[in-house]
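Engineer: I'd like to go over a predicted model; first the sequence, then the structure.
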Amino acid sequence: MTENPRFCFHCGEPVPANCMLTIEAKDGLQPVCCSGCEAVANLILQSGQSRYYQFRTENAIKPTEEDGAIEDSWKRYDERSSLWGSPLKNGRYELLLQVEGIRCAACAWLIRSQLEARQGIDQVQVDVATGFVRINWQPDKLHLSRIAAILAGVGYRPHLPLAGAESMGRQTERRYALKRLGVAGLGMMQVMMFAAGLYAGDAMGIAEGPERFLQLISLIVTTPVLLYSGRVFYSSAWRSLSHRRVGMDVPVALAISIAFIMSCINFLTGNGHVYFDSVVMFIFFLSLGRYAELVIRHQNLQTGLALARLLPEWAELVRDEQTEKVPATDLRIADQVRVRAGQTFPADGLVTRGSTEVDEALLTGESRPIKKHIGDMVIAGSINRSQTIEFEVSKDPDDSTVSVMGRMLLKSQTHRSRYTRLSERYAGWFVAVVLVVAGLTALWWLTHDVTMLFPATLAVLVISCPCALSLATPAAIASSSRALLEQGVLLTRSEALEILGSIDTVVFDKTGTLTSGSPSIVNTVINPALEEYDEEAVLHIAALLEIDSSHPISKAFTDIQVERGAVRDIINHENGVEGRVDGTLYRLGNAAFTHVNVIDFTGGLGRLWLVDDNGWIARFDLDDGLRDSAVETMAALRERGLDLIILSGDHPQAVASVADRTGINSWHAEQSPRMKMDFLETLQNNGKTVLMVGDGINDAPVLSLANVSMTVSGASELANSTADFIITGKSLKYITYILETGDRTRAVIRQNLWWALAYNLLAVPFAAAGLIVPWMAALGMSLSSLLVVLNSGRLAKRKLDIEQTFSRRTVTQ
Amino acid sequence: MSILYVLIPLALVLLALAVWALLWAIKNGQFDDLESHGWSVVLDDDQKPPPMEEDSSVTEKEEQAGQ
């Protein structure tokens, strides 16, 4: 363990202890974690754009080796004019690229200033929310591959402009929402202005001519706002009614319709007040809330093309002993494809030449690489770990395991059991009651005093305007989501906070969720016959030997600080490494490699032996390391009375080991995504409300099926795009923190709802009796809404330190 | 006060213009990136990025254009 973990200047990831790369920044030498980050940071600094580092609010993504070769792979698209974007005038084109890694305004600035300085690029627009870059360019001055290379050069990964349809849809949605908001805002300003005149007229007297004129103008301005900006509430209300539910938008639609129609009648009959200002103001504020919700949702969904990104965009097609790079989507059955070490398989198929080890962890959850020989099946999306091989495509890209999983995911998302929100349940009753009271009021005044009919009925409707009620939930959720965000948890589906309260079962994935997904040393045994070695010494020697190894096992040793110069003559073999430390030749590897005469052990992630010429010195037992505070978190969850279950695709021994260490009794191993979904459905059919915590691609369909879902740090983009909570911190403590935030949020929502209800119970009788004039009603309505907002604000202010949240739980244990 | 009958319809015309301008601007993507342009004041581009190695695509095209 290092005492002062260093973090990469560029990407912010921890720098491995054995990495000594630095770059010269403004304030002296700064560590970087890899040569990719070094190159990108150097380019940015040399371009005089060091201010990027000063102003950015998010860390950059870590560049990969593929980024360097991006120009070559894009070259064959240079001449395909269909990919240049939509043609403009004078041989210019407008290109829309989805770019990975755009995280804050500083990124947008960096990309713009890098691209706009080039000849042939006229204008660049960067949409931080959706990750789109729009480039006006001239293909006869610059190649498409050059643009890709420039983007990759500063650390952003461009994707082929093929699959933009879905993201384009998102942009259209956002623009439409903005248009509605803008129209409502402009309309509101005008109508409020005229309303000021009318209110002043009420107080000081106004001639009938101007009064009716102002009312007419208000009507003229309000109508388009209602029809354009308010339409979305009507369609949503209609949708929920056609599902036989009284949704939140039903009272909204009713309130604006009634206020509008009443105002029209009052205007036409020429007596009574008009409430056009309330109509537009209501529409504007609701649109504002909806727009904010939409922007947050889109920011979290920047992973729109997650599934496509999992597969490589290029494949190396073998034809007559020659290889040719083709887009992966062009592959057909019986094509021969070459896959080099470190690359991802572009399609499902059978190995035809060579043998290798394949990492299918993302797809199946199996943490150990799997050996593949001629005739074995490989799946698209898995990673080739050791040797270059060739395989024959056996399924069209559309039918590959990954694509099928994608379709499964879509299906489970559409079938997701809809949760009726707390406030919706109240709102249904509330609206019904208000309508009945308003009807009774109208009836009573009709038989007693017709002149009071409209003012009294309207006062009832205005004073009981479901403002406070409609704000009760969103305001509380917005505050909580802000507090969560400050702790590094993204909330993507607001209902999730409400549903958390009814959770009774928590299902965990194993690899990458409960465990960190990389090997760690769980036990070190030193040969009792040798006295000159202690644990520190053998770990030190092992770390030195593994210093240059790219084998996944070497990750177990990267936390140990060593000096590069202390080791010589390192040779990396397939099953181990050898090298000289202080003149002694050591070998480190499995039993076969080190010639240790034991039956090799298969539990965990295996054992490593350290030997010299005289025999064995030490043994390291490796296992998938548990995530930070996994054990305490499980204890805390159990204390809350939750059932804990592990569902893993890994083999039984590995799952049993983790279950044992975390104290979870119920576990199921070797589960395919299909089986996981079935398991979850059975749970839900038995009346359980399930929280699923996962991270892998294979968890995505299950995550979206669960009532609430969370992903942990390092989760795949696909999993993130289906999760309700995205935890960015490494610790599992966040789970208990989120549950507590959910508790507090629901408490505040309940307070808000009771307040709104109590206020109405108090005010409605006065209004029905005709004792409240409409302006008092409007004031009361605003005050009650304000109180709800202030009460909800407490959620954001009372920040809980995660450490504290946690220790409180464990102390009470 | 009869000037109101002229001024307010005039204001409505301006409002219609404003709405049209707003819708036009949104349609043209003027509101897609609300953050980074504000920064360009602080982060002035007094230094251009150095030409990247093998930046041949540009020079080739320039030569061709010059011929």
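Structural biologist: Happy to help now that I have it. Only a predicted model underlies this, so the values are computations on that prediction, with no experimental measurement involved. Numbers count the residues shown, from 1 in each chain, chains lettered A, B, ... in the order given.
Engineer: helices and strands of chain B: which one bottoms out on pLDDT?
Structural biologist: Least confident helix or strand, chain B: helix B:56-66 with a mean of 42, by mean pLDDT, DSSP states H and E.
Engineer: The spatially closest residue to residue A:138 that is not a sequence neighbour and residue A:443, how far apart?
Structural biologist: Spatial nearest neighbour of residue A:138, excluding adjacent residues (C-beta to C-beta, 6 or more residues apart in numbering or on different chains): residue A:120 at 4.8 Å. Heads up, the C-betas are built off the backbone N, CA and C, glycines and all. Noted for residue A:120: a distance of 75 Å to residue A:443, by C-beta to C-beta, to the nearest Å.
Engineer: that older thread, quick one: the residue nearest to residue A:138 and residue A:143 touch, right?
Structural biologist: No: with contact defined as C-beta atoms under 8 Å, residue A:120 does not count as touching residue A:143 (9.0 Å).
Engineer: still on that earlier bit, let me know how buried the residue nearest to residue A:138 is, in neighbour terms.
Structural biologist: 20 (other C-beta atoms under 10 Å in any protein chain shown).
Engineer: ditto for residue A:375
Structural biologist: 8.
Engineer: isn't it right up against residue A:351?
Structural biologist: Yes: contact status for residue A:375 versus residue A:351: in contact at 6.4 Å, counting by C-beta under 8 Å.
Engineer: how about stretch A:266-276, does it reach chain B?
Structural biologist: No: under the criterion of C-beta under 8 Å from any C-beta of the partner chain, chain B is not reached by stretch A:266-276; the shortest gap measures 14.1 Å.
Engineer: Now do that stretch: distance to the chain's middle.
Structural biologist: Average the C-alpha atoms of stretch A:266-276, do the same for its chain, and the two points are 49 Å apart (C-alpha atoms, centre = their mean, to the nearest Å).
Engineer: Show me what counts as buried in it.
Structural biologist: A:266, A:267, A:272, A:273, A:274, A:275, A:276 (16 or more other C-beta atoms under 10 Å in any protein chain shown).
Engineer: check which helix or strand covers the residue nearest to residue A:230 when sequence neighbours are not counted.
Structural biologist: In this structure, residue A:230 finds its nearest non-sequential neighbour in residue A:283, 5.0 Å apart by C-beta to C-beta, 6+ apart. Element membership for residue A:283 (DSSP states H and E) is helix A:276-300.
Engineer: One more: residue A:380?
Structural biologist: With DSSP H and E as criterion, residue A:380 is part of no helix or strand.
Engineer: Name the nearest residue to it, sequence neighbours excluded.
Structural biologist: Nearest non-adjacent residue to residue A:380 (C-beta to C-beta, 6+ apart): residue A:400, at 4.2 Å.
Engineer: isn't the one you found right up against residue A:349?
Structural biologist: No: here residue A:400 does not reach residue A:349: they are 9.1 Å apart, not a contact under C-beta under 8 Å.
Engineer: mind listing what whichever residue of the stretch 351-500 of chain A sits closest to chain B touches?
Structural biologist: Distances between the stretch 351-500 of chain A and chain B by C-beta to the nearest C-beta are smallest at residue A:485, namely 16.9 Å. Taking C-beta atoms under 8 Å, 6 or more residues apart in numbering or on different chains as the contact definition, residue A:485 lies against residue A:491.
Engineer: ditto for residue A:336
Structural biologist: So residue A:336 contacts A:317, A:318, A:319, A:352, A:390, A:391, A:392, A:393 (C-beta under 8 Å, 6+ apart).
Engineer: how's chain A carved up into domains?
Structural biologist: Following automatic domain parsing, one gets these domains for chain A: A:1-63, A:67-162, A:168-301, A:310-399, A:490-515+A:627-744, A:516-626.
Engineer: Take these and write them to TSV, including mean pLDDT.
Structural biologist: Formatted as TSV, the domains of chain A follow (pLDDT from 0 to 100):
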stretch	mean pLDDT
domain A:1-63	70
domain A:67-162	76
domain A:168-301	81
domain A:310-399	79
domain A:490-515+A:627-744	85
domain A:516-626	76
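Engineer: okay if I get those domains as JSON lines plus distance to residue A:754?
Structural biologist: Listed next are the domains of chain A as JSON lines, based on distance: least, C-beta to C-beta, whole Å:
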{"stretch": "domain A:1-63", "distance to residue A:754": "39"}
{"stretch": "domain A:67-162", "distance to residue A:754": "36"}
{"stretch": "domain A:168-301", "distance to residue A:754": "18"}
{"stretch": "domain A:310-399", "distance to residue A:754": "46"}
{"stretch": "domain A:490-515+A:627-744", "distance to residue A:754": "16"}
{"stretch": "domain A:516-626", "distance to residue A:754": "43"}
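Engineer: Just say which of the ones you listed is most tucked in.
Structural biologist: Comparing the domains of chain A by mean neighbour count (mean count of other C-beta atoms under 10 Å in any protein chain shown), domain A:490-515+A:627-744 ranks first with a mean of 21.
Engineer: chain center to that domain, what's the gap?
Structural biologist: The answer for domain A:490-515+A:627-744 is 16 Å, by C-alpha atoms, centre = their mean.
Engineer: Compute the first-to-last residue distance for that domain.
Structural biologist: Terminal residues of domain A:490-515+A:627-744 are spaced 17 Å apart (C-alpha to C-alpha, to the nearest Å).
Engineer: In contact with residue A:126: list those residues for me.
Structural biologist: By C-beta under 8 Å, 6+ apart, residue A:126 lies in contact with A:102, A:107, A:108, A:111, A:112, A:132, A:133, A:134, B:33, B:36.
Engineer: for the residue lying closest to it once chain neighbours are set aside, helix, strand, or coil?
Structural biologist: Leaving aside its sequence neighbours, residue A:126 sits nearest to residue A:108 (C-beta to C-beta, 6+ apart; 3.7 Å). Counting by DSSP: H, G, I helix; E, B strand; the rest coil, the backbone at residue A:108 sits in helix.
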